[in-house]
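> Following is a predicted model, sequence given first.
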Amino acid sequence: MTSEKERQKELYEYITTAHMLCLIIFVLAIILSGYDVLPQKNFYPFINIDFFILLCSMGAVIVLLYNTRISQLPKNPKSIHCIDIAYVGFPLLVATLTLFVTEKKLPYAQAILLLPIFITASVMGKLPGLIMATICSILLVFNEMLITPGINILQATESGLILISLMYVVGWFIGGLANLETRNREYLTEIANTDILTGLYNHRYFQEVLKKYFSKGITAYNRLSLIILDIDYFKNYNDTFGHLAGDEVLRTFGILLKKEVKDSGFVARYGGEEFVVVLPGYNSQQALEKAEDIKDRIEQQQFFGEEHQPGGKITISCGIATSPDHAVKARGLIKQADNALYKAKGLNKNKVELYFSVFDDLELDENEKDLLNSIRTLISVINAKDRYTYGHSERVTEYSIKLAEKIGVSEQEMQLLRYAAFLHDIGKIEIDRDTLTKPGRLNEQEWGILKQHPRWGSDIVKSVTSLRSTVPIILYHHENYDGSGYPEGIKEESIPTLARIIRITDSFDAMTSNRTYKTNMSPDEAIAEIKRCSGSMYDPELARNFIEIVQANTCIKNLHTNKLPEPQEYYSRKLSKKPWEEYTNAPTTTTRTNND
């Protein structure tokens, strides 16, 4: 589809061509009327100097009008600027000069007055076209009185009545067609840019506008923030109450988001139950406050059947990223906001998350920056292979920091733990997708390959000097306290403390997460498993501290307890209870160890 700017540019190219044709008609009219354009004494040898200057001036005016008009695109097509008046006034000037210079030496010379009416009506519509027809009619009458002495206005009008009538018909008809075309174009543009269900802008328009913002330049003084928000458990709502009820929720969301954002930015439906809010000029903190306001407003809104959603309310999760702080390109900004959203939804939902990378505080030289960018790329590849691995790393980092805070590790070790916990599974880049997501039991060869990922991960990060301290943590994060782990079988205090922390948090998240090869345990079941394996797989003191954290922290304990029943099971209870009040996650037998 041709953009409005391209359409307007093409339109004014046609008008400029018409201006040139008007100029040619003017020259021909002067020549045919007998005006002397041949050389005279004291003039240039090829043309009358007065005539030459006049033509050059008119040509310069045409070029100036075109360049000025194009530089102002895009604009509101409904508004009229001085340059628009000048643009349609040029043909009127040429027609007037032609009419008065030729006098009555050329038959039907008055017909040239139709040109400015054609151009004005086709560009500006019916009303401007009729106004131009009136101006041209006055000029026609005035010219008739000037070249025919002794006649009054009535006689002059009567003399040119047919042409005057034709002028008004042309202005009305051409202008009416132009108005009709404008309305149809606006309607089609609205359909192309608007999500019909919610009344918000659609995904295509969002991408188009975001690219325009970046093409203008995003700087530290002119930031751009992006919020991606997602309705929590919306599939459950749709399955329970039907898609018509779900559509009504989406429609209400559109109204609420418009009211909340207003003129501070624009809102679009990103797809499904996801929406985006673009906030020009907002820094990260301002965008965070706006997202919190939106989340609070959604929680206050009453929706049909919301009492049967987790928490008894319809809620949202938000991810935020800001340019140029987190990304310098549109695609990167969307990616980082989406990563923040994924973290928000992974950490108990109903939450606002600002994008954060554990690598942002690293001090690197130029060569190491390239290596770190390569590591970031590897993480993206792992994410594409198995999205669980990315969310798993985020959660393990979150749990590990909580455990480290409880046992009182130093700030330096805390930062080291952030890097190691986030990168602990980076060695899985060497493992193919089929093995990572295999639903059945791994064979001996596949299991042998999987057990190598700690060694491969440590080899990858050792190239970056600032991350070299994480090598033993990544290498030994699958070692067991009794020496039965891998890859080297070391035990007890020989295993670095931070690696022992990750061993516990990694296992807990693996046990409480759904995978293709197993369903999740409940947090209580996972705690029981950690207790059972305390002293064999896990450091007993660290295990005791972690269990205390989980039991005291509602967010962690409830993180994986929102599995919902199938709709038919819900209806079989006739809405007598909330589905999850009766629903119990039963433990299942897995084909791999709980922490893999």
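Ah, there it is. Numbering: from 1, shown residues only.
> Which residues in the strand or helix carrying Val170 does the neighbour count mark as buried?
Assessed by DSSP states H and E, Val170 sits inside helix 161-193. Neighbour-count burial for helix 161-193 flags 163-164, 166-168, 170-172, 174-175, 178-179, 193 (criterion: 16 or more other Cβ atoms under 10 Å). Any C-beta I mention is one placed from the backbone N, CA and C, and that applies to glycine too.
> Can you list the low-confidence ranges for the stretch 351-500 of the chain?
Applying pLDDT under 70 to the stretch 351-500 of the chain picks out residues 357-391.
> My read is that Phe206 contacts Tyr270, right?
Yes - the criterion here is Cβ atoms under 8 Å, and Phe206 meets it with Tyr270 at 6.8 Å.
> Tell me which of the two has more neighbours.
Phe206 (26 against 21; other Cβ atoms under 10 Å).
> So the more buried one, which state does it fall into?
Three-state assignment for Phe206 (DSSP: H, G, I helix; E, B strand; the rest coil): helix.
> related to what we said a few turns ago, which secondary structure elements does the helix holding Val170 sit against?
helix 114-124, helix 126-147, helix 203-216 (3 or more Cβ pairs under 8 Å, 6 or more residues apart in numbering; DSSP states H and E).
> Go ahead and confirm Ser225 touches Gln285.
No - assessed by Cβ under 8 Å, Ser225 is found out of contact with Gln285, at 9.5 Å.
> which residues are common contacts for Phe206 and Tyr270?
Shared contacts of Phe206 and Tyr270 (Cβ atoms under 8 Å, 6 or more residues apart in numbering): Val276.
> Can I get the buried residues of helix 161-193 in TSV including pLDDT and distance to Thr240?
Converted to TSV, the buried residues of helix 161-193 look like this (pLDDT from 0 to 100; distance: Cβ to Cβ, whole Å):
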residue	pLDDT	distance to Thr240
Leu163	89	73
Ile164	91	71
Leu166	92	68
Met167	92	67
Tyr168	94	64
Val170	92	63
Gly171	92	61
Trp172	94	58
Ile174	90	57
Gly175	91	55
Ala178	87	52
Asn179	91	49
Asn193	89	32
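> among the helices and strands of this protein, which has the poorest mean pLDDT?
Using mean pLDDT, DSSP states H and E, the weakest-scoring helix or strand in the chain turns out to be helix 579-582, at a mean of 30.
> show me the residues around Asn202 that make contact.
Asn193, Thr194, Asp195, Ala268, Arg269.
> What is the nearest of these to Thr240?
Of all those, Arg269 has the smallest distance to Thr240: 21.9 Å, by Cβ to Cβ.
> Wait, a strand at that closest one?
Yes - counting by three-state DSSP, Arg269 is part of a strand.
> if you skip the residues just before and after it, what's nearest to Leu114?
Val170 (6.0 Å; Cβ to Cβ, 6 or more residues apart in numbering).
> circling back: point out the most buried one among the helices and strands packed on helix 161-193.
helix 114-124 (a mean of 24; mean count of other Cβ atoms under 10 Å).
> rewinding a little: among the helices and strands packed on helix 161-193, which is nearest Met511?
helix 203-216 (37.1 Å).
> Just the CA trace of that closest one, in PDB.
Only the C-alpha atoms of helix 203-216 are listed here, as PDB (Å, rounded to 0.1, in the frame of the first residue of the first chain):
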ATOM      1  CA  HIS A 203       0.600  -4.500  14.400                       C
ATOM      2  CA  ARG A 204       1.500  -3.300  11.000                       C
ATOM      3  CA  TYR A 205       1.000   0.400  11.900                       C
ATOM      4  CA  PHE A 206       2.900   0.000  15.100                       C
ATOM      5  CA  GLN A 207       5.900  -1.400  13.200                       C
ATOM      6  CA  GLU A 208       5.700   1.400  10.600                       C
ATOM      7  CA  VAL A 209       5.500   4.200  13.200                       C
ATOM      8  CA  LEU A 210       8.300   2.700  15.300                       C
ATOM      9  CA  LYS A 211      10.600   2.700  12.300                       C
ATOM     10  CA  LYS A 212       9.800   6.300  11.700                       C
ATOM     11  CA  TYR A 213      10.700   7.200  15.200                       C
ATOM     12  CA  PHE A 214      14.100   5.500  14.800                       C
ATOM     13  CA  SER A 215      14.700   7.000  11.400                       C
ATOM     14  CA  LYS A 216      14.400  10.500  13.000                       C
END
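> which residues are contacting that helix?
192-194, 201, 224, 226, 266, 268-271, 276, 278, 280, 323, 329-330, 333-334.
> Are any of these buried, and if so which?
Buried among the contacts of helix 203-216 by 16+ other Cβ under 10 Å: 193-194, 201, 224, 226, 266, 268-270, 276, 278, 323, 330, 333-334.
> which pair in those residues spans the largest distance?
Top of the distance list for those (Cβ to Cβ): Thr194 and Ser323, 25.4 Å.
> any idea how far Ile295 is from Ser264?
Careful, residue 295 is Lys and not Ile. As judged by Cβ to Cβ, to the nearest Å, Lys295 and Ser264 stand 16 Å apart.
> So the two - more neighbours on which side?
Under the criterion of other Cβ under 10 Å, the comparison of Lys295 against Ser264 puts Lys295 first, with 20 against 14.
> How is the more buried one assigned, secondary-structure-wise?
Here Lys295 takes the helix state, with states given by three-state DSSP.
> switch to numbering from 36
Fine by me, first position is 36 from now on; the one you just mentioned is Lys330.
> OK, contacts around it?
Counting by Cβ under 8 Å, 6+ apart, Lys330 touches Leu264, Thr350, Ile351, Cys353, Asn385, Val387.
> Gly518 too?
Contacts of Gly518 (Cβ under 8 Å, 6+ apart): Gly524, Ile525, Lys526, Glu527.
> Ok, Gly210 next?
Thr155, Ala156, Ser157, Met159, Gly160, Lys161, Leu162, Pro163, Gly164, Leu165.
> for the record, mean pLDDT for the helix or strand where Gln586 lies?
In this assignment (DSSP H and E), Gln586 forms part of helix 575-587. Throughout helix 575-587, pLDDT has a mean value of 92.
> pretty sure Leu261 is in contact with Pro315, am I right?
No - using Cβ under 8 Å, Leu261 makes no contact with Pro315, being 10.3 Å away.
> centre of the chain versus stretch 238-254, how much separation?
8 Å (Cα atoms, centre = their mean, to the nearest Å).
> ditto for stretch 197-216
43 Å.
> Can I get it in CSV? Just the C-alpha atoms.
The C-alpha trace of stretch 197-216 is given here as CSV (Å, rounded to 0.1, in the frame of the first residue of the first chain):
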residue,chain,number,x,y,z
ILE,A,197,-21.9,29.9,-20.6
LEU,A,198,-18.2,29.8,-19.6
ILE,A,199,-19.1,31.0,-16.1
SER,A,200,-21.6,28.2,-15.7
LEU,A,201,-19.1,25.7,-17.0
MET,A,202,-16.6,26.9,-14.4
TYR,A,203,-19.0,26.3,-11.6
VAL,A,204,-19.9,22.9,-13.0
VAL,A,205,-16.2,21.9,-13.3
GLY,A,206,-15.5,23.1,-9.7
TRP,A,207,-18.4,21.3,-8.3
PHE,A,208,-18.0,18.0,-10.1
ILE,A,209,-14.2,17.7,-10.0
GLY,A,210,-14.2,18.8,-6.3
GLY,A,211,-17.0,16.4,-5.4
LEU,A,212,-15.0,13.5,-7.0
ALA,A,213,-11.9,14.6,-5.0
ASN,A,214,-13.9,14.7,-1.8
LEU,A,215,-15.2,11.2,-2.5
GLU,A,216,-11.8,9.9,-3.2
